[in-house]
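S.K.: compute the structure for the input listed below.
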Amino acid sequence: IFVVASGLGCVRCTRGVFRRFHACAPLKLNRFLFDRQEVHFQKSENSSIPVPHATVTLSKDDYRTQHAAKILGLRNGESIRAGIVSTEERPGETTDDATIEWIPEPPVKKTEVLKNGHPPGPLKIHLYNLTSVESGSPLAMDHQIPVSLILALPRPLQLGRILPMISQLGVDQLILTSAEKCPKEYFGSHLFRKPEVLREKLIEGLCQAGDVRLPKVHVAKNLRYWLADELDTLFPRESYARLVAHPKRKDDLKEPLRMRQVEFPTTHNPRIVLAVGPEGGWAEPEELDLFGRLGFQQITLGTRTLRTDCAVVSLLSLAHEVCYERNSEQFLTTN
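M.R.: Numbering: from 1, shown residues only. Model (predicted):
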């Protein structure tokens, strides 16, 4: 632990976490997220008396309460970033002006984290200045994420690790599908038997990223049927650059594209739907030809065969960067 004096007050560092005394700057370590049904919205009968837009009370054993106490060591009145996760009916909301309040349980009397790091009781969070991601929040400029992912199912344990990575990087639509090299038993995973577990994995990534836009998940047990029935509805050719990722072969007659070389059907609001296969790649030539007939451009990261988690993170990062560059070019052209 070390303490530094500054013109803004004392700053203490504990386990790498800096906290300023006599100040209320948000601790921007991540974002506390809540489902809408957890939130109690309030109204003030007297408009001259400020009240929080909403409050949330978490139990002592809730993982967010434990995180606030054991990891962040929050004290009464300190500010955090918070948000309400989006649903199909309503967009998400965010605030950087949430404050916390400890509610001690007997025999505890003090409203502070215990010496052993445990919370003194339930945690109440006051949500001020909630703003929709579609208007006014820092996420409003790109409230619709431009990248969607079609992912051939990896092993269930690996999928559990990948889901938070996917939501951290951000996807609009997530299609979990089959492939010739994917065993059918993967669809029997607990992640599909208990959808709430899959959702928790995605929210874990959102908390890390500070986002509230939950990917819309579709499960397609038959890839061919899904491509025939749903592809054009979700990802019309005139709006999306359709991409299929596959390792480069030394005997390829045609050089596969790199991400920056992809062609977009429109210069306005560029979007990408990206298909990533199993670790052995898509079946050659059947599945690759199927994607090709549907207007998918084949792209590659090189000749190396990558693990699914490595490939997904790399490709999503590049896809977001390309969309950003095309948007920037369009902005400069029109202005």
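S.K.: ok, which stretches of the protein are helices?
M.R.: Applying DSSP state H to the chain gives helices spanning 63-66, 156-169, 190-193, 195-209, 223-229, 231-234, 286-293, 308-334.
S.K.: can you list the residues that contact the third one?
M.R.: By that I understand helix 190-193. Residues outside helix 190-193 that contact it (C-beta atoms under 8 Å, 6 or more residues apart in numbering) are 156, 159-160, 163, 197-198, 201, 219. (Glycine included, C-beta is placed from N, CA and C.)
S.K.: let's see 10 Å
M.R.: Residues from elsewhere that reach helix 190-193 (C-beta atoms under 10 Å, 6 or more residues apart in numbering): 153, 156-157, 159-160, 163, 176, 186-187, 197-201, 219, 221.
S.K.: show the buried residues in these.
M.R.: Using 16 or more other C-beta atoms under 10 Å as the burial test, the contacts of helix 190-193 include 153, 159-160, 163, 176, 186-187, 198-199, 201, 219 as buried.
S.K.: out of those, what pair is the most spread apart?
M.R.: 186 and 199 (18.2 Å; C-beta to C-beta).
S.K.: the helices of the chain: which one's closest to residue 113?
M.R.: Set against residue 113 and scored by C-beta to C-beta, the helices of the chain come closest in helix 63-66, at 10.4 Å.
S.K.: now that closest one, how far from the centre of its chain.
M.R.: 19 Å (C-alpha atoms, centre = their mean, to the nearest Å).
S.K.: over to stretch 149-156?
M.R.: Taking C-alpha atoms, centre = their mean, the mean C-alpha location of stretch 149-156 is offset from the chain mean by 17 Å.
S.K.: circling back: go through the buried ones among the contacts of helix 190-193 and name the one nearest residue 85.
M.R.: Of all the buried ones among the contacts of helix 190-193, residue 199 has the smallest distance to residue 85: 8.9 Å, by C-beta to C-beta.
S.K.: check contacts around the closest one.
M.R.: Residues in contact with residue 199 (C-beta under 10 Å, 6+ apart) are 35, 85, 163, 167, 191, 214-215, 217.
S.K.: same thing but at 8 Å, please
M.R.: Applying C-beta under 8 Å, 6+ apart to residue 199 gives the contacts residue 214.
S.K.: any idea how far it is from residue 232?
M.R.: Distance, residue 199 to residue 232, by C-beta to C-beta, to the nearest Å: 27 Å.
S.K.: residue 85 touches residue 205, doesn't it?
M.R.: No - contact between residue 85 and residue 205 fails when scored by C-beta atoms under 8 Å: they sit 11.7 Å apart.
S.K.: residues touching residue 58, list them.
M.R.: Contacts of residue 58 (C-beta under 8 Å, 6+ apart): 64-65, 122-125.
S.K.: tell me the bridge partners for it.
M.R.: residue 123 (DSSP bridges).
S.K.: please apply the same query to residue 81.
M.R.: The residues that residue 81 bridges to, once DSSP bridges is applied, are residue 31.
S.K.: that one contacts residue 31, correct?
M.R.: Yes - Residue 81 lies in contact with residue 31 (C-beta under 8 Å); the separation is 4.4 Å.
S.K.: what do those two both touch?
M.R.: By C-beta under 8 Å, 6+ apart, the residues touching both residue 81 and residue 31 are 94, 210.
S.K.: circling back: quick check: the farthest pair among the contacts of helix 190-193?
M.R.: Across the contacts of helix 190-193, the longest distance by C-beta to C-beta is 22.3 Å; it joins 200 and 221.
S.K.: re earlier: looking at the contacts of residue 58, which one is closest to residue 99?
M.R.: Among these, and counting by C-beta to C-beta, the member closest to residue 99 is residue 125, at 7.4 Å.
S.K.: contacting residues for that closest one?
M.R.: Neighbours of residue 125 in contact, by C-beta under 8 Å, 6+ apart: 32, 55-58, 80, 82, 98-101.
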